[in-house]
Every structure is written in structure tokens, then in C-alpha cells.
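J.: what follows is a predicted structure for the sequence shown.
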Amino acid sequence: MRRRLCFISGLFLFASAAWADIDPGNWELTATTEMQGIKEPASFTQTRCLTPEDARDPSRLFGSSPGAGCQFLNRNDTGPAFTFEIEGSSPQPIRGSGSVRYKRDSIEGELELKTDMFTARSRISGRRIGGC
């Protein structure tokens, strides 16, 4: 269960990582995850209101770390792209990497997480859908 929390928290922080340079407003985020050994990918969509304060500090929405024993390493924000590595130890080691490409009104990205038992690959997309 903690590994799942690390994974889900990682997705949320992954989605928020580039938000400091995007427009505030109502955002729709969609994530699709494929896991080794599972035929059907899992998908979810959520809507989030991003305030001007949130746009300047994404940690206000999701916390400054992914939680559940995970941490982000080697963060690099070049303006239109954000890359990072993620590492965790709950209850078994998990590691991975991701990237997000963003514009003021959209984001797209990938995340790959690995343990000794599975590999998960996620794609995330988001778009601004209006005011809050």
C-alpha cells in the first residue's frame, strides 16, 4: 500500500512540477498508467483549481515532497521542460525518472517507476479549461 501511495503521490507532484510557469485557473489532468503484467492500463482524470499563489508555489497543492518515503532528485527546469528522478524505500526500493513539457495552458509528460517486482509507465496530460 505504501508503494502505491508513493506512486500516486509521485504522479500528483509530477503533474504539479512545472506549474510555477503556467496560468492559474481550472485545470483538467489525466494520467494513464501501464504496469508490467497487467493487461489494461489504469486511467484517471481530475479537475484542480490552480490559484495565482499555487501557480507560484506548486508545493501548496501537493506538498514539497512526494510522501510515502519517496523523494525527488536531480530536478532540472529549463523553462519549457522539467526533468527529475524519483527514489523511495517503502517497503521495497523504488526508483524512476520523468519529464514534463509545458506551456501556459497545457502540460504533457512521462514517468517511469521500477522496483524489483514491477515496472510502471505513466503518461500525463493537462489543460487549462477556464477560471476557477
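T.: Arrived safely. Numbers count the residues shown, from 1 in each chain.
J.: what bridges to residue 120?
T.: Under the criterion DSSP bridges, residue 120 forms beta bridges with residue 35, residue 113.
J.: list the contacts of it.
T.: 7, 33, 34, 35, 36, 112, 113, 114 (Cβ atoms under 8 Å, 6 or more residues apart in numbering). (C-beta placed from N, C-alpha, C; glycine too.)
J.: and for the third one, the neighbour number?
T.: For residue 34, the tally of surrounding residues (other Cβ atoms under 10 Å) stands at 14.
J.: that one contacts residue 111, correct?
T.: No. Counting by Cβ atoms under 8 Å, residue 34 stays clear of residue 111, with 11.1 Å between them.
J.: and stretch 26-43, how far out from the chain's middle?
T.: 12 Å (Cα atoms, centre = their mean, to the nearest Å).
J.: same thing with stretch 83-99?
T.: With Cα atoms, centre = their mean, you get 12 Å for stretch 83-99.
J.: helices and strands of this structure: which one has the lowest mean pLDDT?
T.: helix 59-62 (a mean of 46; mean pLDDT, DSSP states H and E).
J.: returning to that earlier point: overlap in contacts of residue 34 and residue 111?
T.: 121, 122.
J.: burial measure for the nearest residue to residue 128 once chain neighbours are set aside, as a count.
T.: Nearest non-adjacent residue to residue 128, counting by Cβ to Cβ, 6 or more residues apart in numbering: residue 105, 4.2 Å away. Using other Cβ under 10 Å, residue 105 has 13 other residues around it.
J.: quick check: pLDDT value at residue 105.
T.: We have a pLDDT of 88 for residue 105.
J.: now it: how far from residue 28?
T.: 11 Å (Cβ to Cβ, to the nearest Å).
J.: list residues touching both of the two?
T.: Between them, residue 105 and residue 28 share the contacting residues residue 127, judged by Cβ under 8 Å, 6+ apart.
J.: where does pLDDT dip in the protein?
T.: Where the chain drops to pLDDT under 70, the residues are 1-21, 55-69, 90.
J.: strands of that one, residue ranges please.
T.: Assigned by DSSP state E, the chain shows strands spanning 25-35, 42-50, 70-77, 81-88, 94-103, 106-114, 119-130.
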